[in-house]
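Participant: the amino acid sequence is not available; the structure is as follows:
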């Protein structure tokens, strides 16, 4: 996620979340805007890998296209070059229970009159198959190295001059070193040039195979008969009811069945029908996303915004289940008088439960769903247009019916409820257990969140916690004005925590993450991307052998004295000018994590200084005198620093060319 997205999108979504709860709580959800979620189409997994890898593109792309005579289609070719010692993955790369590499994606940009035929991509050579048991088990990892050409069929809008279209192509890939030591997302956009025409049939372009989760592929050109896909869709939807993510809400639905025992049969069936319609509505939205922007089931979890909103919703629901507050939505079980008065579930509550249940099912796709979604991919590739869209919607509707089937049966046959336990004290205990299960689900969804946003997300949850307590602490009998004031205060508090978490705090965690990456790369002899020249023993020895004077600042994030002295002494204009005049190279020895590879080198250097493992320490190293650095320990001052600096000669003007190669600023190559 970009800086702008993090600073604007996430807070807005979080604000919308709490405002949505507010409107629901005060009974105005029907009169004003409710909770609205719009999935950004291009958020993806932007944050992963930030700070890794060498400077410069690891993947280059040259693109051209040809038009087939007397038709509205053509062929696009992408000549891709991957840097030495790196590889990218195929467009058909699968996944298993351990995960898997990101497959390569190709997208058309800048011209609505040109469309890429989804699922129709081939290459001029077969990918190399490798296995990384530690990372991915027995998954077949499909890699391309060196040069490879991707080909795909494109279609032009009716009535346009295909030979005169201007557009670009976005080539999204993950470039990894051959030992998987580091991976860098590569999003390369290239202008596509016209390369002429060709006659005859369009060249054969293979459809990609879909993974069944174990690294094996199924040939989409020979799909299973539709009746088999239909049965698997129904079965897959039914099994979703038993996924860990869904069980808590399903448990409450079962409790509502218990409470409905003895009620009017028509009313019971109507409520379960509304619940099923809630399920269906979400599946229809996903079908629209699949046909509109190619977003398949479960791919919503690639978006940090979606994951964080889901985590927030699940968290506040879990807090409600364990008694921190009560969600004032009819049909959500509680123990307070407010909840008891709301026990009679209405159509809106039933519909809401259906929506929440389906959203919770997204991260936990069961058997059958994968086959159904694979068939949707085939349908869109083999049947472009209305027929393919109809097939996709049919599959999603069948999955929704499969998930809703138990509730429709129980609604039609209320007598089956007699097989469920009778109402009693067990229901309160069950509700609280389900609350803790919901809170545990958060840990699972956090694994999908960009690592730099995990801590800010947890911080936001800690803001929602007291906000929910604040929200629900007003007695049910309090006046409406008092309730509104209390709820408004809770919303403002949660919003402020959200803004803090996803702006300043997120930037801080990103900086720490990038610094950590640089330290690891520096310790292993990699390429550092930051603006600081990091200390390593090899780096210090190299500079001294070149005749350079070196100042090493031994510091750490947890050393407040270090930070104060750096600003009050080292970073002052007087000291910096003196160091610059003498062309002293300044190295940062960050001892924040002494157990890291770089931390071990710093520990060894502190031992060699003989001043004890204490901070802060400033050490000046002179050429040809590696073992006798001049040091300042603890509360050093400007006079002490300048006394040592003045021992260093100022280079003659003729020597100024030496300073031009100073690696002190910008990208540093650590040898």
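Facilitator: Yes, it's here. Note that this is a predicted model, so its numbers are computed, not measured. Residues are numbered from 1 along each chain as shown.
Participant: these two touch, right, residue 81 and residue 150?
Facilitator: No. The pair residue 81 / residue 150 is not scored as a contact, 11.9 Å apart, by CB atoms under 8 Å. For the C-beta atoms, the positions are set from N, CA and C on the backbone; glycine is no exception.
Participant: got the buried residues for stretch 552-570?
Facilitator: Residues 552, 553, 554, 555, 556, 559, 562, 565, 566, 569, 570 are the ones in stretch 552-570 that count as buried (16 or more other CB atoms under 10 Å).
Participant: helix or strand right after the one helix or strand residue 445 maps to?
Facilitator: Per DSSP states H and E: residue 445 is located in helix 426-446. Moving toward the C-terminus from helix 426-446, the next helix or strand (DSSP H and E) is helix 451-472.
Participant: buried set for that next one?
Facilitator: 452-453, 455-457, 459-461, 463-465, 467-468, 470-472.
Participant: got it, and stretch 595-614?
Facilitator: For stretch 595-614, by 16+ other CB under 10 Å, it's 596, 598, 599, 601, 602, 605, 606.
Participant: now do the phi/psi pair for the first one.
Facilitator: What it means is residue 596. phi -80, psi 160 (degrees, to the nearest 10).
Participant: which helices and strands sit right next to the helix or strand where residue 108 lies?
Facilitator: For residue 108, the host element (DSSP H and E) is strand 105-109. Packing contacts for strand 105-109, counted by 3 or more CB pairs under 8 Å, 6 or more residues apart in numbering; DSSP states H and E, involve strand 114-123, strand 147-156, strand 167-177.
Participant: ok, 6 Å please
Facilitator: When contacts are defined as 3 or more CB pairs under 6 Å, 6 or more residues apart in numbering; DSSP states H and E, strand 105-109 sits against strand 167-177.
Participant: the strand it packs on: what's the following helix or strand?
Facilitator: Downstream of strand 167-177, the first helix or strand assigned by DSSP H and E is strand 183-198.
Participant: in the stretch 251-400 of the chain, where is pLDDT below threshold?
Facilitator: 251-265, 290-302, 326-345, 360-388 (pLDDT under 70).
Participant: can we see that at 50?
Facilitator: Across the stretch 251-400 of the chain, the ranges flagged by pLDDT under 50 are 329-344.
Participant: for the stretch 451-600 of the chain, same thing?
Facilitator: Residues of the stretch 451-600 of the chain that meet the criterion pLDDT under 50 lie in 524, 526-531.
Participant: which residues in it form strands?
Facilitator: 527-528, 550-555, 585-590 (DSSP state E, counting those that start in this stretch).
Participant: quick one: low-confidence parts of the stretch 101-250 of the chain?
Facilitator: Along the stretch 101-250 of the chain, segments meeting pLDDT under 50 span 204-223.
Participant: how does it look with 70?
Facilitator: Looking at the stretch 101-250 of the chain by pLDDT under 70, you get 118-120, 181, 200-225, 243-250.
Participant: residues in contact with residue 150?
Facilitator: 78, 123 (CB atoms under 6 Å, 6 or more residues apart in numbering).
Participant: for the buried residues of stretch 552-570, which one is nearest residue 228?
Facilitator: Set against residue 228, the nearest of those by CB to CB is residue 556 (61.4 Å).
Participant: so how far is residue 114 from residue 67?
Facilitator: Noted for residue 67: a distance of 11 Å to residue 114, by CB to CB, to the nearest Å.
Participant: check residue 509 too.
Facilitator: Distance, residue 509 to residue 114, using CB to CB: 40 Å.
Participant: more neighbours: these two, which one.
Facilitator: Using other CB atoms under 10 Å, the more surrounded residue of residue 509 and residue 114 is residue 114, with 23 against 18.
Participant: correct me if wrong: that one contacts residue 166.
Facilitator: No. Using CB atoms under 6 Å, residue 114 is not in contact with residue 166; the gap is 9.3 Å.
Participant: residue 621 sits in which helix or strand?
Facilitator: Following DSSP H and E, one finds residue 621 within strand 617-622.
Participant: so which elements touch that strand?
Facilitator: strand 550-555, strand 625-633.
Participant: show me the contact partners of whichever helix or strand comes after the longest one.
Facilitator: In the C-terminal direction, the helix or strand that comes right after strand 625-633 (DSSP H and E) is helix 638-645. Residues lying outside helix 638-645 but in contact with it, judged by CB under 6 Å, 6+ apart, are 569, 575, 578, 620, 630, 632.
Participant: what angle do helix 638-645 and strand 550-555 make?
Facilitator: Counting by axes from the mean of the first three to the mean of the last three CA atoms, to 10 degrees, helix 638-645 points 150 degrees away from the direction of strand 550-555.
Participant: in helix 638-645, which residues are buried?
Facilitator: 638, 641, 644, 645.
Participant: let's have the residues you listed in JSON lines, adding distance to residue 276 and pLDDT.
Facilitator: Shown next, in JSON lines, are the buried residues of helix 638-645 (distance: CB to CB, whole Å; pLDDT from 0 to 100):
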{"residue": "638", "distance to residue 276": "75", "pLDDT": "91"}
{"residue": "641", "distance to residue 276": "74", "pLDDT": "93"}
{"residue": "644", "distance to residue 276": "78", "pLDDT": "93"}
{"residue": "645", "distance to residue 276": "77", "pLDDT": "94"}
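Participant: dump those to CSV, plus distance to residue 547.
Facilitator: Below are those laid out as CSV (distance: CB to CB, whole Å):
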residue, distance to residue 547
638, 27
641, 22
644, 18
645, 17
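Participant: between these, which is nearest residue 240?
Facilitator: Relative to residue 240, and with distances defined as CB to CB, the nearest of the buried residues of helix 638-645 is residue 641, at 65.8 Å.
Participant: and the closest one, how far is that from residue 589?
Facilitator: Per CB to CB, residue 641 is found 16 Å from residue 589.
Participant: over to residue 458?
Facilitator: Taking CB to CB, one finds residue 458 at 30 Å from residue 589.
Participant: how about residue 636?
Facilitator: Taken as CB to CB, the span from residue 636 to residue 589 is 15 Å.
Participant: neighbour count: the two, which is higher?
Facilitator: Using other CB under 10 Å, the more surrounded residue of residue 636 and residue 589 is residue 589, with 22 against 17.
Participant: can you give me phi and psi for residue 131?
Facilitator: The phi/psi pair for residue 131 (degrees, to the nearest 10) is phi -130, psi 130.
Participant: need the longest helix for this protein.
Facilitator: The longest helix of the chain (DSSP state H) is helix 265-293.
Participant: can you list the buried residues in that one?
Facilitator: 268-269, 271-280, 282-283, 286-287, 289-291.
Participant: which helices and strands does it pack with?
Facilitator: Using 3+ CB pairs under 6 Å, 6+ apart: helix 265-293 touches helix 347-361, helix 386-412.
Participant: helix or strand right after that helix?
Facilitator: The helix or strand immediately downstream of helix 265-293 is helix 304-321, counting by DSSP H and E.
Participant: what's that following helix packed up against?
Facilitator: helix 10-25, helix 426-446, helix 451-472.
Participant: if we go to 8 Å?
Facilitator: helix 10-25, helix 247-260, helix 347-361, helix 426-446, helix 451-472.
Participant: having no further points to raise, I will conclude here.
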